[in-house]
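In: What follows is a protein structure lacking sequence information:
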Ligand code: FES
């Protein structure tokens, strides 16, 4: 289960549709633990701009080094979370 997702709200990531990615992933949220995501929030720039919208994930079975992701489209983000 994904415990927490942070979506970058910086200008560079907005250019990669981070606002739409946030909205799509927010629809997967369920605070009672029955959904894919328990908590999701927008955060300032991670200083890892470029190549897609930056998303940080805290999940069971995902180590801290492997939890930083880049998504180029909202569909790509939803596909990732529907397979974990
Ligand atoms: S704008 Fe998102 S990492 Fe910098």
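Out: Noted; the coordinates are in hand. No experiment lies behind these values; they were computed from the predicted model shown.
In: Please count neighbours and contacts with C-alpha atoms only from this point.
Out: Fine.
In: quick one, phi psi at the most centrally placed residue in the chain?
Out: Residue closest to the average C-alpha location in the chain (Cα atoms, centre = their mean): residue 55, at 3.9 Å. As for residue 55, its main-chain torsions (degrees, to the nearest 10) stand at phi -140, psi 130.
In: i'd like the first residue to be 99 from this point on
Out: Yep, numbering from 99; the last one is residue 153 now.
In: which residue packs closest to it, ignoring adjacent ones?
Out: Excluding its sequence neighbours, the residue lying closest to residue 153 (Cα to Cα, 6 or more residues apart in numbering) is residue 105, at 4.6 Å.
In: sorry, back to before: specify the beta-bridge partners of the residue nearest to the centre of the chain.
Out: Judged by DSSP bridges, the bridge partners of residue 153 are residue 105, residue 167.
In: surely it meets residue 170?
Out: No. If you go by Cα atoms under 8 Å, residue 153 and residue 170 don't touch, sitting 10.8 Å apart.
In: Kindly tell me how buried the residue lying closest to residue 146 once chain neighbours are set aside is, as a neighbour count.
Out: Counting by Cα to Cα, 6+ apart, the nearest residue to residue 146 once its immediate chain neighbours are dropped is residue 152, at 7.2 Å. For residue 152, the count of nearby residues is 26 (other Cα atoms under 10 Å).
In: residues touching residue 152, list them.
Out: 105, 106, 111, 116, 144, 146, 166, 167, 168, 169 (Cα atoms under 8 Å, 6 or more residues apart in numbering).
In: So among these, where is pLDDT lowest?
Out: Within the contacts of residue 152, residue 166 has the lowest pLDDT, namely 88.
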